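Undergrad: with the sequence up front, the predicted model follows.
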Amino acid sequence: MEFLDLSRYEYSDFPLEMRAVGWLGREHGLQSGDPHADSRLILKELKASSVREASLTLGFHDCAFCPPGARVRGNGEFRYHTLSGNSYAAPVMILHYVEAHGYVPSQVFIEELRAGRELPWDHRAQRLMEVLFDENAELGMRCQAIVDLPRWRDPRALNALKWAMRHEDLADVASDQIGISLGEMILSGLDVGVDSEDLGYGVNYGIAQVIPGWKWAGDA
Ligand SMILES: [Zn+2]
């Protein structure tokens, strides 16, 4: 799948409007922005902001710029919610494009990443929370909300995740993702107030993915 940088993201359904970054292919090539940009610095910044692989069911993308037979491919995407109020989606391959092919994402996007990652609660977080709570919303959309809510280090996001943990359908399909999200909130320093003994297998398993040494019955 190929999109022009900063065009409207339309690859999969997501509760928020997003712009595309790094969806490169043969038609538009490397689409690079500033040819004088320091791609090592950009890679470092991009890695720091690429915190969680999401939408792993999207299917694989093969790199169009590696020699035939190299079989460099990636599955899933990174999402970036910036302080400016914009949200972006990139294939996980974006890191490979920068590292191996010198791709330079749009300056606008890079500058928004540089502005910082501490997001105050905003309309996007509110929307994600509403979708998560909405019993009529598609289960897939509600799971997307579970994945992205921890970007807002806020008790409202935490309470929504704890609610989801006790929701039969959500816990059934996304308990590990709920656990990863809780783990991310623990890592960010928020007082999550959960005890592994009170959590199910999936949630504990998810937390343990993020927090090495998380003590729970399944780690023996
Ligand atoms: Zn490549």
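TA: It's in. Residues are numbered from 1 along each chain as shown.
Undergrad: all contacts plus neighbour counts: C-alpha atoms, from now on.
TA: Fine.
Undergrad: three-state assignment of the closest residue to Val131 other than its chain neighbours?
TA: In this structure, Val131 finds its nearest non-sequential neighbour in Arg142, 5.8 Å apart by C-alpha to C-alpha, 6 or more residues apart in numbering. Arg142 falls in the helix class when you classify it by DSSP: H, G, I helix; E, B strand; the rest coil.
Undergrad: check contacts around Arg142.
TA: Remark: with contacts taken as C-alpha atoms under 8 Å, 6 or more residues apart in numbering, Arg142 is in contact with 128, 131-134, 170.
Undergrad: that one and the ion, how far apart?
TA: 33 Å (C-alpha to the ion, to the nearest Å).
Undergrad: re the thing from before, buried ones among the contacts of Arg142?
TA: 128, 131-133, 170 (16 or more other C-alpha atoms under 10 Å).
Undergrad: quick check, nearest of these to the ion?
TA: Checking the buried ones among the contacts of Arg142 against the ion by C-alpha to the ion gives Leu128 as the nearest, at 33.7 Å.
Undergrad: surely that closest one and Leu149 touch.
TA: Yes. At 6.7 Å, Leu128 counts as touching Leu149 under the criterion of C-alpha atoms under 8 Å.
Undergrad: where do the contact lists of these two overlap?
TA: Counting by C-alpha under 8 Å, 6+ apart, nothing touches both Leu128 and Leu149.
Undergrad: what's the domain layout of the chain?
TA: 19-114, 123-219 (automatic domain parsing).
Undergrad: right, and those domains - which one's nearest Asp5?
TA: domain 19-114 (4.7 Å; C-alpha to C-alpha).
Undergrad: that closest one spans what distance, first to last residue?
TA: 17 Å (C-alpha to C-alpha, to the nearest Å).
Undergrad: I'd guessed Thr82 sits against Glu111; true?
TA: No. Taking C-alpha under 8 Å as the definition, Thr82 is not a contact partner of Glu111, at 9.6 Å.
Undergrad: the more surrounded of these two?
TA: Shown here are Thr82 and Glu111; by other C-alpha atoms under 10 Å, Thr82 has more neighbours (21 against 12).
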